[in-house]
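# Got a sequence here, can you model it:
(chains A and B)
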Amino acid sequence: MAEAEGSGIDPMHQFQIEPLYGAWDPAGGSLAFTNSTLWMLLALAAVWIFMLGGMRRELVPGRWQMAVESVTGFIDDLLVRNVGPAGRKYVPYIFTIFIFILFANLLGLMPIGVLGLHPFTVTSHILVTGVMAVMSFLIVLVVGFWKHKLKFFTLFVPHGTPLPMVPLLFCIELVSFMVRPFSLALRLFIAMTAGHVLLKVFASFFIQGINAGPEYGLMVSLPSFALMLFVSALEILICGIQAYVFALLSALYINDAENLH
Amino acid sequence: MEVEAARLIGAGLAAIGAGAAAAGVGYIWGSFLQGALRNPEAANGEQARLYIGFAVTELLGLIAAVIGFILLFG
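Model prediction:
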């Protein structure tokens, strides 16, 4: 694959997971404190500081408390609107998912490259997003079967289907249901990866344009830089949208489990 | 044909899928704008569905892009 990289563009290196302090290999496995772990801890610290700042419980809230209250109110409203009043018990889970994905996405976009550091997007790995999607899916299955026992399978047969079509429709709906965790995981992972690859490719154009001389610099690097600015702004929007869509779709799937149809 | 050449051609063809998804995403926002310009008060309540529709459509386009990535960098 090195021959295809003759021009030196390697946008996939930014997703490499590297152990920071060496690996510990107990009993054939391998544990390490990696850059992914570090950035997950940083996301945790950022969420913690954000929530702590808003828990002052003043009667007339200041700006920080207002921000925290609007985020929690937003998720509460999302669940009440999509699941009903019984959805309030899922607020801690959906809120955790939403705010962790949001902060992890945004931390990966931090412009700390000017300080010589390299940000890392935790959610750009299918393993991380896959675990979160599997958690959502398991909650749906457990709640569905606990609450409705075997009547849960009526979810796959919409109201009023004529009897001959029921087997076919059941299979189609079943497949569509089983694809849900994959699509949840894939959507977030691909959006983050594609965005960062795009930024890295434009950055490579910028550097190579400057290296090639002043004419190429003006012709190639200036538009590349403008596009980088625009794509970064778009990426910030996409971070928010992907976090919101993950939380919203999890809430909708939970609605399917709680209230069949 | 060498494998390398076929890979690069395949990656270029995968980008056509991304362009097709762009048509879909543009349609979603175009129809939202049409409806919003007719009935602005109703539009504010429908923004949630707008973003769900956008995310679901964008996923399909990004799947095409991922096939391109796999061919180029895998």
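# Using the three-state scheme, assign A:Ala32.
For A:Ala32, the reduced secondary structure class is strand; criterion used: DSSP: H, G, I helix; E, B strand; the rest coil.
# And for residue 30, the neighbour number?
I'll assume chain A. The local packing count at A:Ser30 equals 9, with neighbours defined by other CB atoms under 10 Å in any protein chain shown. Bear in mind the C-beta positions are built from the backbone N, C-alpha and C, glycine included.
# oops, I was thinking of chain B
Residues contacting B:Gly30 under the criterion other CB under 10 Å number 10.
# Equivalent analysis for A:Ser124, please.
The local packing count at A:Ser124 equals 24, with neighbours defined by other CB under 10 Å.
# Could you pull out the strands in the stretch 1-150 of chain A for me?
Counting by DSSP state E, counting those that start in this stretch, the stretch 1-150 of chain A has strands at residues A:19-24, A:31-34.
# how about a markdown table for those strands, with mean neighbour count added?
Supplementary listing: the strands of the stretch 1-150 of chain A in a markdown table, determined by neighbours: other CB atoms under 10 Å in any protein chain shown:
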| stretch | mean neighbour count |
| --- | --- |
| strand A:19-24 | 11 |
| strand A:31-34 | 14 |
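# Can you say which of those is nearest to A:Val114?
With CB to CB, the closest approach to A:Val114 among these belongs to strand A:19-24: 21.6 Å.
# May I ask which helix or strand encompasses the residue nearest in space to the middle of chain B?
Nearest to the centroid of the C-alpha atoms of chain B, with distances taken as CA atoms, centre = their mean, sits B:Ala21, at 3.2 Å. Counting by DSSP states H and E, the element that carries B:Ala21 is helix B:3-38.
# any idea of the mean pLDDT for that helix?
Helix B:3-38 shows a mean pLDDT of 93.
# Next, work out how far apart A:Asn259 and chain B are.
Between A:Asn259 and chain B the distance is 18 Å, computed by CB to the nearest CB, to the nearest Å.
# I'd say that residue and A:Gly87 touch.
No: taking contacts as CB atoms under 8 Å, A:Asn259 lies outside contact range of A:Gly87: 9.4 Å.
# Compare the two (neighbour count), which wins?
Neighbours per residue, other CB under 10 Å: of A:Asn259 and A:Gly87, the larger number sits with A:Gly87, 20 against 14.
# I figured the more buried one hits A:Ile254, correct?
Yes: A:Gly87 sits in contact with A:Ile254 when judged by CB under 8 Å, with a separation of 7.0 Å.
# Just give the closest residue to the residue nearest to the centre of chain B, not the sequence neighbours.
Counting by CB to CB, 6 or more residues apart in numbering or on different chains, B:Ala21 lies nearest to B:Gly61, which is 2.4 Å off, once chain neighbours are set aside.
# now A:Gly54
In space, and not counting its chain neighbours, A:Gly54 is closest to A:Val68: 2.5 Å by CB to CB, 6+ apart.
# and the helix or strand following the helix holding B:Ala21, anywhere near chain A?
Proceeding N to C from helix B:3-38, the next assigned helix or strand is helix B:40-45, under DSSP H and E. No: contact between helix B:40-45 and chain A, assessed by CB under 8 Å from any CB of the partner chain, is absent, since the two come no nearer than 10.2 Å.
# quick one: contacts of helix B:40-45?
Contact partners of helix B:40-45, identified using CB atoms under 8 Å, 6 or more residues apart in numbering or on different chains, comprise B:Phe32, B:Gly35, B:Ala36.
# now the residues you listed as CSV including neighbour count and distance to A:Pro214?
Compiled in CSV, the contacts of helix B:40-45 are given as follows (neighbours: other CB atoms under 10 Å in any protein chain shown; distance: CB to CB, whole Å):
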residue, neighbour count, distance to A:Pro214
B:Phe32, 17, 45
B:Gly35, 14, 50
B:Ala36, 17, 47
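# Not counting sequence-adjacent ones, nearest residue to the residue of the stretch 1-150 of chain A found nearest chain B?
Among the residues of the stretch 1-150 of chain A, A:Met12 lies nearest to chain B; the distance is 4.9 Å by CB to the nearest CB. The shortest distance from A:Met12 to any residue other than its chain neighbours is 4.9 Å, reached at B:Phe73 (CB to CB, 6+ apart).
# what separates A:Glu215 from chain B, distance-wise?
Per CB to the nearest CB, A:Glu215 is found 27 Å from chain B.
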